[in-house]
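Q: model this:
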Amino acid sequence: MKGVRDNWTAAPAILLAALVLYPAAVESVQGAEPEPAKLHANTLEAFDRYVKLTEARNAQQLKRGTNLLWIDELPAPERAEAYAALKRSEVKMKKLEMRDGGKEIACPTGIIHHWVGVVFIPGAKLDDVLGMLEDYDKHSVYYGPDVERSKIESRDGDHFRVFLRFRRHKVITVVLDTEHDIEYFRDARDRAHSRSSAVRIAEVENAGRKDEREKPPGEDGGFLWRMETWWRMEEHEGGVYVQSEVLSLTRDIPTVLKWLIEPFVTSVPRETLSATLVATRKAVQGRMKAQHGR
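A: Model (predicted):
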């Protein structure tokens with residue numbers, strides 16, 4: 001492992017893509033705050049199994065060292081069109097699903113959300129992207145208003161502990177205090193990746209008031225219980241390709257509301273991840289213009 005520039009973290013994309021806000025949709029139907037949910041051991045066991053399989057697949061792909069973007073696995077005509085779309089400033093997204101021996105991984109009382117997205121930043125260098133993403137003091141500008149606070153709590157070489165507070169409003173306001181364990185790898189002069197785990201996620205009640213308090217993790221509204229992220233960056237073809245793979249765990253949808261809520265739940269992670277990648281590109285280009293006149 002070689003040193004990578006300080007803080008290329010997945011955290012903004014991690015949380016924004018995961019705030020699927022199923023309870024907000026319930027509130028819009030029922031007119032009431034969602035009932036508290038509890039993270040059960042069998043729910044967490046299923047998610048941990050899913051993470052283990054995803055980690056193994058990522059490790060295998062990174063060891064291979066080629067065709068590292070998800071679009072590289074497409075048939076030739078579709079792959080060519082995907083790359084052309086990225087050059088037109090589009091974001092290419094895909095819903096993923098890991099299986100265990102070909103079988104679906106059931107997640108009792110929870111939902112596993114798994115998406116990957118890639119964006120192209122023309123004219124950028126790898127260090128331009130790293131430089132923006134390590135600038136935590138300005139993440140509220142780059143990713144606001146969803147990112148409200150951020151700071152590095154500790155650093156040991158390429159290993160970081162980062163605090164982030166997120167605020168999301170859609171019918172109701174959700175505030176989350178989160179801590180992320182992040183490790184960075186410089187794979188080559190023109191290629192890097194990172195691995196991030198949200199090691200603590202606490203929903204904040206009465207945020208910004210004197211009586212604000214954190215609810216016990218795993219005993220809250222179930223907006224976000226777990227989050228894992230894998231990021232990859234490749235500099236070539238006159239720019240940098242940035243890919244984010246996001247895996248999150250939220251509370252399940254009651255069967256009686258599934259027909260109404262499910263489209264909302266499955267669409268929000270995709271939309272927010274896409275928006276975050278677009279914001280990343282915009283922020284990198286803004287910094288390049290200010291710093292280099294490019």
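Q: where in the stretch 1-150 of the chain is pLDDT low?
A: Residue ranges of the stretch 1-150 of the chain with pLDDT under 70: 1-35.
Q: now the helices for it?
A: Listed in chain order, the helices of the stretch 1-150 of the chain (DSSP state H, counting those that start in this stretch) span 11-18, 22-30, 41-64, 76-87, 126-133, 139-142.
Q: so for M98, which of those sits nearest?
A: With Cβ to Cβ as the criterion, M98 lies closest to helix 41-64 of these, at 4.6 Å. Where you see a C-beta, it was placed from the backbone N, CA and C, and this is true even at glycine.
Q: next, the buried residues of the closest one.
A: Of the residues in helix 41-64, 43-44, 46-47, 50-51, 54, 58, 61-62 count as buried by neighbour count, 16 or more other Cβ atoms under 10 Å.
Q: next, the buried residues of stretch 74-84.
A: So, applying 16+ other Cβ under 10 Å, buried residues of stretch 74-84: 74, 82-83.
Q: could you do stretch 166-186 as well?
A: Buried residues in stretch 166-186 (16+ other Cβ under 10 Å): 166-168, 172, 174-180, 182-186.
Q: helix/strand/coil for V246?
A: strand (DSSP: H, G, I helix; E, B strand; the rest coil).
Q: pLDDT check: weakest of the buried residues of stretch 166-186?
A: Across the buried residues of stretch 166-186, the smallest pLDDT goes to I172, namely 69.
Q: and P254, how far from A37?
A: As judged by Cβ to Cβ, to the nearest Å, P254 and A37 stand 11 Å apart.
Q: so between the two, which is more surrounded?
A: Taking neighbours as other Cβ atoms under 10 Å, P254 and A37 compare with A37 leading, 21 against 11.
Q: hang on, isn't the more buried one packed against R251?
A: Yes. A37 is within contact range of R251, at 4.2 Å (criterion: Cβ atoms under 8 Å).
Q: let me see the contact set for D220.
A: Shown in contact with D220 (Cβ atoms under 8 Å, 6 or more residues apart in numbering): 36-37, 202-203.
Q: quick one, strands of the stretch 101-250 of the chain?
A: With DSSP state E, counting those that start in this stretch as the criterion, the stretch 101-250 of the chain has strands at 103-104, 110-122, 147-156, 159-170, 172-188, 191-205, 213-214, 219-220, 226-236, 239-251.
Q: and the third one with strand 159-170, angle?
A: So that's strand 147-156. 170 degrees (axes from the mean of the first three to the mean of the last three Cα atoms, to 10 degrees).
Q: buried set for strand 147-156?
A: Neighbour counts over strand 147-156 (16+ other Cβ under 10 Å) mark 147-148, 150, 152 as buried.
Q: I'd like the helices of the stretch 1-150 of the chain as CSV, with distance to R191 appended.
A: Shown next, in CSV, are the helices of the stretch 1-150 of the chain (distance: least, Cβ to Cβ, whole Å):
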stretch, distance to R191
helix 11-18, 19
helix 22-30, 37
helix 41-64, 10
helix 76-87, 17
helix 126-133, 8
helix 139-142, 23
